[in-house]
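Asks: Need the 3D shape of this:
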Amino acid sequence: MKKFLIALLFAPVLAFAAGAGIHLDKWPGSVSDKAALQNGAKLFVNYCMNCHGASYMRYKNLMDLGLTEQQVKENLMFASDKIGDLMSVAARHDEQKKWFGATPPDLTIVARARGEAGNAGAGADWLYTYLRTFYKDDKRPTGWNNLAFEAVGMPHVLWELQGTQVMNPETHKLELAIPGKMGQAEYDKSISDLVGFMVWMGEPQQEFRRKLGFIVLAFLALLFVVAYALKKEYWKDIH
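Replies: Below is the predicted model of the structure:
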């Protein structure tokens, strides 16, 4: 029963992230880079939150990225007046289902949900590949398709930045037909920042947890040395 309930919880996200069996490009980013996470937050708010929410996060959590409350309010809050509000979309779920055929999933934990056994690294690789492999497909209702998610229902909302890619029917590889505002390297870096932000959202305290883990291991190692020295001292006359 417990496994069934967990499956129901993650079903919308897993449906969004369908498309296994393809080669995934390695996400080159890191959640330690605060500047990259700040840029990723800006991209997320400007491009993703038109349809997708992050309703398990509050705007005030963005201050953990090194931003001030004023910076968050002026640059990252467009649909809310209070810094403590949840990062949710204004559109109702029933409206979104009517417009898109399905309710766009919440993206707070998409990286963790997509990763195998909660491995956010695998989820990051998928997201990094997915957001860079949209291509023009006139057979699709939105006019777009994706290598990582065949027959995807989501349009390419970042096409102005990346440009328009097409599938070469002979090589079956993507080619850039119409350049975007960004070159390939710049676009890839922006997507890396965006993915980094989504990875960070899934567990905002992961860097602290890792650092704390190293501190605990170091303490245990030191404690072992002290305990071993005491053991030798207490048992020296017996041995």
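Asks: contacts and neighbour counts: CA atoms only from here.
Replies: Noted.
Asks: secondary structure element for the residue nearest the centre of the chain?
Replies: By Cα atoms, centre = their mean, the chain has its centre lying nearest to residue 198, at 2.5 Å. Using DSSP states H and E, residue 198 sits within helix 184-202.
Asks: Confirm that residue 67 sits in a strand.
Replies: No. Using DSSP: H, G, I helix; E, B strand; the rest coil, the secondary structure at residue 67 is coil, not a strand.
Asks: On the pLDDT front, check it for me.
Replies: Note on residue 67: pLDDT of 95.
Asks: residues in contact with it?
Replies: residue 38 (Cα atoms under 8 Å, 6 or more residues apart in numbering).
Asks: which is the next helix or strand following the helix holding residue 198?
Replies: Following helix 184-202 in sequence, per DSSP H and E, is helix 206-235.
Asks: pLDDT below threshold where in this structure?
Replies: Along the chain, segments meeting pLDDT under 70 span 1-21, 100, 116-121, 208, 239.
Asks: And the strands in it?
Replies: 54-58, 86-87, 134-136, 144-146, 163-167, 174-179 (DSSP state E).
Asks: re earlier: ok, and what's touching the helix holding residue 198?
Replies: Contacts of helix 184-202 (Cα under 8 Å, 6+ apart): 27-31, 36-41, 43-44, 57, 107-112, 120, 124, 127-128, 131-132, 161-162, 206.
Asks: Can you flag which of those residues belong to helices?
Replies: 36-41, 43, 110-112, 120, 124, 127-128, 161-162, 206 (DSSP state H).
Asks: Would you mind measuring from the residue lying closest to residue 91 once chain neighbours are set aside to residue 176?
Replies: Nearest residue to residue 91 in three dimensions, chain neighbours excluded: residue 51, at 7.7 Å (Cα to Cα, 6 or more residues apart in numbering). If you measure residue 51 against residue 176 using Cα to Cα, to the nearest Å, the figure is 26 Å.
Asks: Please identify which of those two sits among more neighbours.
Replies: Neighbour count, other Cα atoms under 10 Å: between residue 51 and residue 176, residue 51 has more, with 18 against 15.
Asks: From residue 92, how far out is that one?
Replies: 10 Å.
Asks: for residue 37, same thing?
Replies: With Cα to Cα as the criterion, residue 37 and residue 92 are 28 Å apart.
Asks: More neighbours: which of the two?
Replies: The residue with more neighbours, out of residue 37 and residue 92, is residue 37; 27 against 9, by other Cα under 10 Å.
Asks: Tell me how many other residues crowd the closest residue to that one other than its chain neighbours.
Replies: Nearest residue to residue 37 in three dimensions, chain neighbours excluded: residue 197, at 5.1 Å (Cα to Cα, 6+ apart). Residue 197: 28 surrounding residues under other Cα under 10 Å.
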